[in-house]
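K.L.:
could you work out the structure for the sequence below:
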Amino acid sequence: MSELDPQEIRGDFPILERNINGKPLAFLDNAATSQKPKQVLEAIQDFYFRHNSNVLRSDNTLSFEASELYFSSRRKIASFIGAKEEEVVFTKGATDSLNALAVTLAGRYAKKGGRLITSILEHHSNLLPWRTMAKKNGGEIVVVRADRTWRIDIEKLEEELERGSELVTITHVSNVLGTINDVKEIARRAHKHGALVVLDSAQGVPHMPVDVGDMDVDFLAFSGHKMLGPTGIGVLFAKEKLLSSMEPWQMGGGMVKSVEPEGELLEDLPYRFEAGTPHVAGVVGLGAAVDYLKRLGMDSVRRHETDLVRHAFDVLHDDDIEIYGPREPDDVCGIVSFNVKGVHPHDVSSFLDQDGVMIRAGYHCAQPLVNSLGASAVARASFYVYNTPEEIDRLAASAGKAKGILS
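P.N.:
Numbers count the residues shown, from 1 in each chain. You can find the predicted model right below:
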């Protein structure tokens, strides 16, 4: 059993006190976004109430205070993923990070004759930007299939690397199936062939210990709102030597040391990649979210979610319910996708909503993967630190009722 006590944690989340349709809220849609503890909400409120100012601009008390909060959050977030401070760039989210990378690296890796490798498991945010830039620049994008465990087929990846590629862009954890790719082995093989590795860790960083140095990825993207933080803030990690060689994707204030009529001198890392006024309150909120998760311990977070997945597999074990993906709880990161036979997943989701159980249904911005499952849509329950086995019991009971009433 995990050491984490969700009942104690739930007191930190005001929204969980709500009733939906007269029933206690069971929020099982955490892969879409997470709820926010009062510690994060209070940190954001305190910033706006007491310290609100632009950062790195003015020589006054408020600006100094805001800047120190900004610096402090960057230090926390860098430490959380095992990175240097200068390797952490703030963005609007994982989608923004991946788009920025695709635009910036396309001229080098997606040009005519270039081959980019990705996988069938990808969220659209890690497929469409690269495909768009490959089309625009005359490059080729290769999609590697999944193996029998619904991870990237590493042997097929190896075959494609042998045919030539300079960049591999993959997901850390499938947002549909929760399967966890062997990132360290993928990076080893990619680097052996001289390819860089981009990791979409939107579903990884919030749910397990992550060390970019140990995995040896070259780039990593994640979002704050999926890990107890606010919306509109995300992180792009890039190895210092690579970030130093990249051109900024936006120009403007705050990212230059000096500007002359004939040219400009860029700021040091990472500030040259953060043009304009940053989302300071979002950075502060994300720093508070990291503090919260560190207090819980990411190993405990992972074990708690594994326990919840195990329980979900047990209570959803029914001839009328089809579960997708691997069935070993240790192979899954907090996500269970399923369908109730004879009932459309959107109808299942709406029915569960009437019982106060929040899930998501559809193709989850990963349509190629969902289609490869032989489905046009799936229902998805996704768990986090405040979820309980009792909420999963309610999910199973409501899904059973849906079969009896809607089929």
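
K.L.:
kindly format the C-alpha coordinates of stretch 141-154 as CSV.
P.N.:
Below are the C-alpha coordinates for stretch 141-154, written out as CSV (Å, rounded to 0.1, in the frame of the first residue of the first chain):
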residue,chain,number,x,y,z
ILE,A,141,7.7,12.1,-40.6
VAL,A,142,7.7,8.4,-39.7
VAL,A,143,5.1,7.0,-37.3
VAL,A,144,6.3,3.9,-35.4
ARG,A,145,3.6,1.5,-34.2
ALA,A,146,3.1,0.2,-30.7
ASP,A,147,4.1,-3.3,-29.5
ARG,A,148,1.9,-5.9,-27.8
THR,A,149,2.2,-4.0,-24.5
TRP,A,150,1.1,-0.7,-26.1
ARG,A,151,4.4,0.9,-25.7
ILE,A,152,6.5,2.1,-28.6
ASP,A,153,7.9,-0.9,-30.5
ILE,A,154,11.6,-0.3,-29.8
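
K.L.:
rounded mean pLDDT for it, please.
P.N.:
If you average the pLDDT over stretch 141-154, you get 97.

K.L.:
now do that stretch: everything it contacts.
P.N.:
Here stretch 141-154 makes contact (CB atoms under 8 Å, 6 or more residues apart in numbering) with 110, 115-121, 127, 130-131, 134, 155-157, 160, 165, 170, 174, 177, 179-182, 185-186, 189, 325-326, 331, 368-369, 372. Every residue, glycine included, has its C-beta placed from N, CA and C.

K.L.:
which of those fall within strands?
P.N.:
Using DSSP state E, the members of the contacts of stretch 141-154 that fall within strands are 115, 116, 117, 118, 119, 170.

K.L.:
which residues does the fifth one contact?
P.N.:
With contacts taken as CB under 8 Å, 6+ apart, residue 119 has the following neighbours: 143, 144, 145, 146, 152, 157, 170, 171.

K.L.:
one more: residue 228?
P.N.:
Each residue near residue 228 by CB under 8 Å, 6+ apart is listed here: 34, 35, 36, 37, 40, 206, 289, 292, 293, 385.

K.L.:
I'd like the next helix or strand past the helix or strand hosting residue 69.
P.N.:
Using DSSP states H and E, residue 69 sits in helix 61-80. With elements assigned by DSSP H and E, the helix or strand that comes after helix 61-80 is strand 88-91.

K.L.:
follow-up on the earlier one: can you select the buried ones from the contacts of stretch 141-154 in PyMOL?
P.N.:
A single PyMOL command selects the buried members of these (16 or more other CB atoms under 10 Å):
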select buried, resi 110+115+116+117+118+119+120+121+127+130+131+134+156+157+160+165+170+174+177+179+180+181+186+189+325+326+331+369
